Each structure stands twice: as structure tokens, then as C-alpha cells.
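Engineer: this one's sequence-less:
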């Protein structure tokens, strides 16, 4: 609409108000001030710790008892009593089972009576022979009669010896009616209740009554391949021809629910041949077990020395990042920029990860705040006193690179 017509239609004051409003809407928009960049993230850095660490191999194995006993009767009879509680600890010589003694007492009494009869016959034969010695010199009896009396004495002597053996056997059978613990350890549950017939003897058809396994010490069996076996022999310094080959080498063990290798023991056996089917050789270690926690059949992992101790670098396990299949740590350069270094890792020792390659002793490693940093980003480092060993962070999980 023309301005002259607008002034005529609305009047001068109203037209001026409309024009001022339109001109105000045409003013250019002023740009806003740019936001300030965020400060560099703060991280904790430390140099790798240095320790004298021996190269170790790990093996999975299982505990076995030093002594594992099956309690079986040596004589047959009816079970009279059980003298233990299922699962209790027993000492060597403790009474466990009693078989009905009455038949064996009768058998021993019969054997003792037979022995007395044999001794009486021997006394008569001996006296008869002494009389014959004086008579044969006077030719009262013939030499044949004297020889018969001599033979009768010898037969009587043999009969006495046989009856003495019978009495001894009857006494042993009577003792065998009391079954005692042959070793100290933990006994299992009773397999037969009182009143049942127990088959004894030395054959394979005897009745199993219970089992006993020794507790302290306990053994741990594991297998190693041929390459590991060679490392183990060379690290232990033993000649393959020595009698104590691989014996007495310190080892460490952890259970399935433990994070660290806290149990210490020593090897006590190494097999004499490598199995052709599996290509492995069997080893064994012995551990103290005063509280009975270690149980036969339990699995565990054992660390065995595979090399001489050497100076090694260690960093907290939380400082390790993962990039697909590679592991890395972030180190700070002179410009405080995070740079990745790909590393080769070893085992964990006291919450510190052994680094076998890719890291230098003077590198400043990010040990806390790894999740806030990406490679190539400038950071604000906070130096720690000492090495990475003094700055372990348990609250932050290992990082994964994008």
C-alpha cells in the first residue's frame, strides 16, 4: 500500500507507529558469543613399577590326597557297631567298626584246647623216648621200637607247632573284628549299617565300609606339555639324570574363587615319561593344609617357575586398554598429549600387570582417568609420588578404545 494512502486512511500518528514497527523487525540479528572450549581432562600419571619377577607358567590341576584308604574287613561276620560320625576327623588307630566277636572267640578257645592236647601228647612222647634210650642200651627193646618212639616225639612236636599257629591265626581273626583307622584324616559316610553281613578277606568281593582321605599335607597334580617341561627343567637347574629331578621347586597356587596365587608349596614328583597320546608329562606339588580347606578333587591353578628372575615393568591392571585383540596403555608426551603404546602383557601380581614389551621405564602412564581420555587429546596430568605401584585404582574398569 502507498504511504500517502496509508496516511490518509489511518492518520498520521497511527501510520508512523506501523512504520516504526516494520523497521524494527528488519534489524539484523547480532551473532552470539562462541562458547569457551572445555579444559583438558585431569588424569593421574605414574612411571611403571620395577620388580624382580620370574617368568612363570600356569597349569590347571586337581588336588589328590596323600593317603586315600578304603576301609574293608579282613574277616566275615555281622557288623555289630559303628564308632564314628559320618564326615568326622579321625586319628590313626581310632576304632571305627566292630564285627560280632563271639564266633571268633569260640574259634580261638577251640584252637587253644587243641594246642593243650598237642602239648600233652608231646610230653608223653618225650617221656616215652627217654625211657627207650635206657632200655635200648640194655637190649630190652629193639632199635626199631626206639626209632618209632623217636618219630612219635617229632610228630608231637609238629602237632604243637601247628596248633600254636592255629591259635595265632584265631587271635588275629579276633583282632580283625575291630577295624581301626590306618591313617589320620577325614572319614566319609558309613556304607553299611549295624546288623548287616560283612564279607571280609583278601579277595575283590569284600564289603566296602568307608573311605578315609588324609588332609594335611595335600598334593596337587597337573600336566605340562613338552615345551613347558623343558623350560621347567632348565629353570630349576636340575640335570635330567639326577634323582631329585624337578623336586623342591617353589610353586604358588590359587583356587577357583581366588584372584591371587596365595598358597605356597613345592614340587615333590615329576613323572618318568611323556605320555604318547597327549604329549604331556605329569607333575605334582605338595601344600600345607592345616585348616582342611583344600579338599581332594578340588580344581585349582598353579604357577611354576619357567625362567630365572629378571627386572620387569608393571602397571596397574586398570591402566590397560583394549583395542580389539591388542592391548595398550596411554602415555603422556612432553606436550601433555595422550599417546597409545601397544604392549605385551604377562600375569597379574598383587593387582599389578606385568608388561613384557612395548613400554619404557621412563614413560608416564595414565593410571587413573583412562575413560576420560582418547588418543591425541591434551590432558592435565597429576604426577604421583613414586611409581605406578603406589597409585592403584580399583574403582575404574579397564578402558576400551573406539
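Structural biologist: Here it is on my side, so go on. This structure is a prediction, so every number in the text was calculated from the model and none was measured. Numbering: from 1, shown residues only.
Engineer: what's the one helix or strand residue 322 maps to packed up against?
Structural biologist: Following DSSP states H and E, one finds residue 322 within strand 321-323. When contacts are defined as 3 or more CB pairs under 8 Å, 6 or more residues apart in numbering; DSSP states H and E, strand 321-323 packs onto strand 326-332, strand 338-349. Heads up, the C-betas are built off the backbone N, CA and C, glycines and all.
Engineer: of the ones you listed, which is nearest residue 173?
Structural biologist: strand 338-349 (58.9 Å; CB to CB).
Engineer: give me the contact list for the closest one.
Structural biologist: 43, 51, 53, 55-56, 58, 259-260, 303, 312, 314, 317, 320-321, 323, 326-333, 353-359, 363, 366, 373-379, 401 (CB atoms under 8 Å, 6 or more residues apart in numbering).
Engineer: buried subset of the residues you listed?
Structural biologist: 43, 51, 53, 55-56, 58, 303, 312, 314, 317, 320-321, 327-332, 353-355, 358-359, 363, 366, 373, 379 (16 or more other CB atoms under 10 Å).
Engineer: go through the contacts of strand 338-349 and flag which are in strands.
Structural biologist: Under the assignment DSSP state E, these contribute 43, 51, 53, 56, 58, 303, 312, 314, 321, 323, 326-332, 353-357, 366 to strands.
Engineer: what's across from residue 321 in the sheet?
Structural biologist: With DSSP bridges as the criterion, residue 321 is bridged to residue 328.
Engineer: these two touch, right, it and residue 373?
Structural biologist: No. Using CB atoms under 8 Å, residue 321 and residue 373 do not qualify as a contacting pair, with a distance of 9.7 Å.
Engineer: what sits in contact with each of the two?
Structural biologist: Common neighbours of residue 321 and residue 373, counting by CB under 8 Å, 6+ apart, are residue 330.
Engineer: can you tell me the closest non-neighbouring residue to residue 54?
Structural biologist: residue 309 (4.3 Å; CB to CB, 6 or more residues apart in numbering).
Engineer: whoops, residue 88 was the one
Structural biologist: residue 187 (6.3 Å).
Engineer: distance check, the one you found against residue 199.
Structural biologist: 20 Å (CB to CB, to the nearest Å).
Engineer: who has more neighbours, the two?
Structural biologist: Between residue 187 and residue 199, counted using other CB atoms under 10 Å, residue 187 has the larger neighbour count: 22 against 13.
Engineer: which residues does the more buried one contact?
Structural biologist: Counted by CB under 8 Å, 6+ apart, residue 187 has contacts 71, 84, 86, 87, 88, 89, 90, 96, 181, 210, 211, 212.
Engineer: buried among the residues you listed? Make that a ChimeraX selection.
Structural biologist: Of those, the buried ones go into a single ChimeraX selection, burial set by 16+ other CB under 10 Å:
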select :71,84,90,96,181,210,211,212
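Engineer: dump the contacts of residue 187 to JSON lines, plus pLDDT.
Structural biologist: Below are the contacts of residue 187 laid out as JSON lines (pLDDT from 0 to 100):
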{"residue": "71", "pLDDT": "93"}
{"residue": "84", "pLDDT": "92"}
{"residue": "86", "pLDDT": "92"}
{"residue": "87", "pLDDT": "91"}
{"residue": "88", "pLDDT": "92"}
{"residue": "89", "pLDDT": "93"}
{"residue": "90", "pLDDT": "94"}
{"residue": "96", "pLDDT": "94"}
{"residue": "181", "pLDDT": "94"}
{"residue": "210", "pLDDT": "94"}
{"residue": "211", "pLDDT": "94"}
{"residue": "212", "pLDDT": "95"}
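Engineer: mind listing which of the contacts of residue 187 are in strands?
Structural biologist: Using DSSP E, the contacts of residue 187 in strands are 71, 89, 90, 96, 210, 211, 212.
Engineer: now the fifth one. Nearest residue, chain neighbours left out?
Structural biologist: Excluding its sequence neighbours, the residue lying closest to residue 210 (CB to CB, 6+ apart) is residue 71, at 4.5 Å.
Engineer: hang on, that neighbour packs against residue 207?
Structural biologist: No. Under the criterion of CB under 8 Å, residue 71 makes no contact with residue 207, lying 9.8 Å away.
Engineer: what sits in contact with each of those two?
Structural biologist: Counting by CB under 8 Å, 6+ apart, nothing touches both residue 71 and residue 207.
Engineer: now residue 261: how far from residue 278?
Structural biologist: Distance, residue 261 to residue 278, using CB to CB: 25 Å.
Engineer: what about residue 157, which SS state?
Structural biologist: helix (DSSP: H, G, I helix; E, B strand; the rest coil).
Engineer: surely it touches residue 122?
Structural biologist: Yes. Counting by CB under 8 Å, residue 157 sits close enough to residue 122 to count as a contact (5.9 Å).
Engineer: the more surrounded of the two?
Structural biologist: residue 122 (20 against 16).
Engineer: for stretch 352-359, which outside residues touch it?
Structural biologist: Counting by CB under 8 Å, 6+ apart, residues outside stretch 352-359 touching it are 48-49, 51, 53, 312-317, 319-320, 329, 331, 341-348, 365, 388-389, 392.
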